[in-house]
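# just coords:
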């Protein structure tokens with residue numbers, strides 16, 4: 001019988017459709033796994049926010065990875081409580097964001113109070129340009145040192 005650990009290993013390779021350097025595991029989206037039989041599995045996920053346009057793609061990518069691994073009955077359950085928070089981002093995921101050019105979330109909810117480090121040069125002399133970046137879960141900042149614009153992954157709690 002397939003183990004839960006084996007299913008988590010399969011899921012650890014499923015990437016986020018909007019930020020492909022992150023896995024769903026890095027994001028903390030995968031909440032629980034139940035192996036029902038050798039060909040049936042349930043995966044519980046909590047989306048980053050209720051209006052996320054990548055919802056169906058995430059579920060489809062999970063299904064595809066599990067189907068390739070031999071599961072024919074795949075149940076994906078959306079868990080809405082507790083709500084996803086950026087605190088669930090793994091330390092590895094935060095580092096991947098930074099290397100990809102997206103500033104990871106700061107410890108504050110307020111965009112105006114956030115001290116956001118430039119992912120290009122490391123300067124903390126940055127300013128907000130727009131509350132919305134390339135997706136609605138990001139804001140657009142600019143470094144006052146290297147002058148590069150960059151996305152900042154907004155803090156959600």
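Structure received. Nothing here was measured: the structure is a model prediction, and the numbers come from that model. Numbers count the residues shown, from 1 in each chain.

# OK, contacts around residue 36?
By C-beta atoms under 8 Å, 6 or more residues apart in numbering, the residues touching residue 36 are 42, 73. Quick note: C-beta positions are derived from backbone N, CA and C, even for glycine.

# so how far is residue 2 from it?
Residue 36 sits 10 Å away from residue 2, going by C-beta to C-beta, to the nearest Å.

# same deal with residue 146?
In terms of C-beta to C-beta, residue 146 sits 49 Å off from residue 2.

# these two: which is more packed in?
Set residue 146 next to residue 2 and count neighbours by other C-beta atoms under 10 Å: residue 2 wins out with 18 against 14.

# phi first, then psi, for that one.
Phi and psi for residue 2, reported as degrees, to the nearest 10, are phi -70, psi 140.

# list the contacts of the spatially most central residue of the chain.
Nearest to the mean C-alpha position of the chain, counting by C-alpha atoms, centre = their mean, stands residue 27 at 3.3 Å. Residues in contact with residue 27, defined by C-beta under 8 Å, 6+ apart, are 16, 48, 88-89, 93.

# right, I'll leave it there.
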